[in-house]
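>>> Dropping the sequence and predicted coords here.
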Amino acid sequence: MATPTPTPTPIPQPPGVPLLGNIFDVDPSNTWWSLKTLSEKYGEIFQIKVLGHRLVFVASAALAEEVCDQKRFRKFVGGPIVEIRAAVHDSLFTAFDHEESWGVAHRILAPLLTPGRAAAHFDELLQCTDDLIAKWTGPGSGARVRPLADLNLLTLEATTLAFHGKKLDCLEPGQAEHPMIQAMEDATSEAMKRPNRPRLLNWLVHGAKLKKATKTMRAFAAELVRHRQDNPSDRRDMLWALLNARDPETGKALAESQVIDEIVTMSIGGSTAPCVLAAALYFLLQNPAAVGKARDEMAAVIGDGPLRHEHVAQLAYVAGVVRESLRLSCAAPGFNVEPIPRPGDTSPVLLAGGKYQIPHNQAMIVVLAGANRDPAVFEDPLAFRPERMMGESFEQLPAGVKKWFGNGKRECIGKHWAWEFLMVVAARLIREVDFAAADPNYALKQDGWFNIRPIDFVVQARPRSGGVQE
């Protein structure tokens, strides 16, 4: 006798208003904070309807893991990701599943982003981190600094030097903010907002903002190309590969426009790292015992000398700090998936063993603020506990709470470089700088677009008492 199909549980939805639906449940200027709030209220899955369009959100570890099954689901390119194609076209981040360009670019660039290649840029990363620490601990140290602003500059500086062989010197004291930073902010914010506006309004009123940001970002990338063409180098870095390498499968090379697409894409993708580090400083200020444990570990592993690459893999507690900061900050706040089309089959897609069902073509958004803080996985999920992100404790966590870099073949291609960057910068800041909150009553709040970051977070930074030889 066949087992009867269970009656699906309705997917929770906030009460809306006539015609407009749930348009007032999501703040267009802080979308991800709104989704975090909704996930806390409605749990593992919820939906909203805006102007007749349904959006489904997954917010538990178990469901996140289920929709990351690449045999059933794939990346969904829609909404804001489609909008940012105006700036980067069919790049690694924005290519549709059917576009050949993704495979060509991925096969050209992936060999440049292995753990070994990331390690090869260790000295350049140290050099750029030197600039940040000198700015924070040099003359006038103890002044108020906004960590995120300078960490944004550090990320741009380090990735440009490592990937493209050019030092920007944008961390020099008195230097104005690099225009690429504001352009990335403007492009991603506009891409997030455009899907929720009438097209005519986007064209008449808001089109200029995205066009201006696109022009600035692509000019930055084009200048890096010109700089290499005017200053030939034997560096076999990412820029060399973009300009010279061919896809081993098809034999195709990238057109210059595609080279610019990928340079801009890498810069936007790297913008999550400073958000993680700024949040980590906040968590550490709230948990001074964790700072002590990290410094004790570094004293045992590194001693009095400089940080060397072989030390990084030995810093288990610092790795726990970084992973716990990734978990709680949700700096890359989520990603979109959709059911893989089943030709001729339009039956509903079942989730959680049939507990829920969605239409066969329903896109979903994984909200990491829900999955990463799932009380079914984490005891006291809002607490900052690096120990649970170390060793066997970390290995035993479900895959659904480890999706900081996305999922499957479309996960962040630069994840190994990002990990190297986060570990080195976190270790050196903890080891060499003393921080104090400028406002002891500051409570973390975040906003952002393709990333989320602490708002109005200010600290005082001084050289660490006792000093550390570097």
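Arrived safely.
>>> hang on, isn't L113 packed against A418?
No. In this structure L113 lies outside contact range of A418 using CB atoms under 8 Å: 9.6 Å. Using the backbone N, CA and C atoms, a C-beta is placed for each residue, glycine as well.
>>> the more surrounded of these two?
A418 (24 against 21; other CB atoms under 10 Å).
>>> What's the separation between the closest residue to D447 other than its chain neighbours and E420?
Spatial nearest neighbour of D447, chain neighbours left out: N30 (4.4 Å); criterion: CB to CB, 6 or more residues apart in numbering. N30 sits 31 Å away from E420, going by CB to CB, to the nearest Å.
>>> for F57, same thing?
Distance, F57 to E420, using CB to CB: 32 Å.
>>> Repeat that for W102.
W102 sits 24 Å away from E420, taking CB to CB as the criterion.
>>> ranges for the strands of the protein?
45-50, 53-58, 73-75, 144-145, 334-339, 349-351, 356-358, 364-367, 433-437, 446-448, 452-454, 459-463 (DSSP state E).
>>> The last one: partners in the sheet, and parallel or antiparallel?
Sheet pairing for strand 459-463, assigned by DSSP bridges, gives strand 144-145 (antiparallel), strand 433-437 (antiparallel).
>>> now it: how far from the chain's centre is it?
26 Å (CA atoms, centre = their mean, to the nearest Å).
>>> Return the set of buried residues in it.
V459, A461, P463 (16 or more other CB atoms under 10 Å).
>>> pLDDT averaged over that strand - what is it?
The pLDDT scores in strand 459-463 average 95.
>>> what sits against L284?
A290, V291, V321, I430, F435 (CB atoms under 8 Å, 6 or more residues apart in numbering).
>>> Apply 10 Å and report the result again.
A290, V291, A294, V321, S325, F384, P386, A426, L429, I430, F435 (CB atoms under 10 Å, 6 or more residues apart in numbering).
>>> residues in contact with K409?
Neighbours of K409 in contact, by CB under 10 Å, 6+ apart: Q70, R74, K75, D97, W102, G103, H106.
>>> For these, pick the one with the most neighbours.
Among these, K75 has the most neighbours (other CB under 10 Å), with 23 neighbours.
>>> Let me know the distance separating the nearest residue to that residue once chain neighbours are set aside from I81.
Excluding its sequence neighbours, the residue lying closest to K75 (CB to CB, 6+ apart) is R410, at 4.2 Å. Going from R410 to I81 by CB to CB gives 11 Å.
>>> which residues are common contacts for the two?
In contact with both R410 and I81: K75, F93, A95, F335, N336, using CB under 10 Å, 6+ apart.
>>> What is the nearest of those to V276?
The closest of the shared contacts of R410 and I81 to V276 turns out to be F335 (CB to CB; 16.1 Å).
>>> what's across from the closest one in the sheet?
If you apply DSSP bridges, the partners that F335 bridges to are V366.
>>> contacting residues for it?
F335 makes contact with 64, 67-68, 75-76, 81, 364-368, 403, 405-407, 410-412, according to CB under 10 Å, 6+ apart.
>>> And the buried ones among these, selectable in PyMOL?
The following PyMOL line selects those of the contacts of F335 that are buried, judged by 16+ other CB under 10 Å:
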select buried, resi 64+67+68+75+76+81+364+365+366+367+368+403+405+406+407+410+412
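>>> can you tell me which of the contacts of F335 are in helices?
Among those, the residues falling in helices (DSSP state H) are A64, V67, I81, L368.
>>> In this protein, where is pLDDT below threshold?
1-6, 466-470 (pLDDT under 70).
>>> Recalculate using a threshold of 50.
1, 469-470 (pLDDT under 50).
>>> Please indicate which of the strands paired with strand 459-463 has the most neighbours on average?
Comparing the strands paired with strand 459-463 by mean neighbour count (mean count of other CB atoms under 10 Å), strand 433-437 ranks first with a mean of 17.
>>> contact partners of it?
So strand 433-437 is contacted by 132-133, 136-137, 141-142, 145, 147, 281-282, 284-286, 288, 291, 429, 457-466, 468 (CB under 10 Å, 6+ apart).
>>> Give me the buried entries from those residues.
132-133, 136-137, 141, 145, 147, 281-282, 284-285, 291, 429, 457, 459, 461, 463-464, 468.
>>> Just these: which are in helices?
Using DSSP H, those in helices are L132, I133, W136, T137, P147, L281, Y282, L284, L285, V291, L429.
>>> with those residues in mind, which one is nearest to A316?
Closest to A316, out of all of those and judged by CB to CB, is V291, at 15.8 Å.
>>> if I pick that closest one, what's in contact with it?
By CB under 10 Å, 6+ apart, the neighbours of V291 are L284, L285, V321, I430, R431, D434, F435.
>>> neighbours around the fifth one, how many?
The one in question is R431. Neighbour tally, R431, other CB under 10 Å: 21.
>>> didn't it look like it was pressed against P463?
No. Shown here, R431 and P463 do not form a contact pair, counting by CB atoms under 10 Å, at 11.2 Å.
>>> which neighbours do these two share?
Residues touching both R431 and P463 (CB under 10 Å, 6+ apart): I133.
>>> Would you mind listing the buried residues in the top helix by length along the chain?
For the chain, the longest helix by residue count, based on DSSP H, is helix 207-230. Buried residues in helix 207-230, counting neighbours by 16+ other CB under 10 Å, are found at 209-210, 213-214, 216-218, 220-222, 224-225, 228.
>>> One more: stretch 267-286?
Neighbour counts using 16+ other CB under 10 Å place 267-285 of stretch 267-286 among the buried residues.
>>> How far away from the center of its chain is that stretch?
For stretch 267-286, the distance to the chain centre is 9 Å (CA atoms, centre = their mean).
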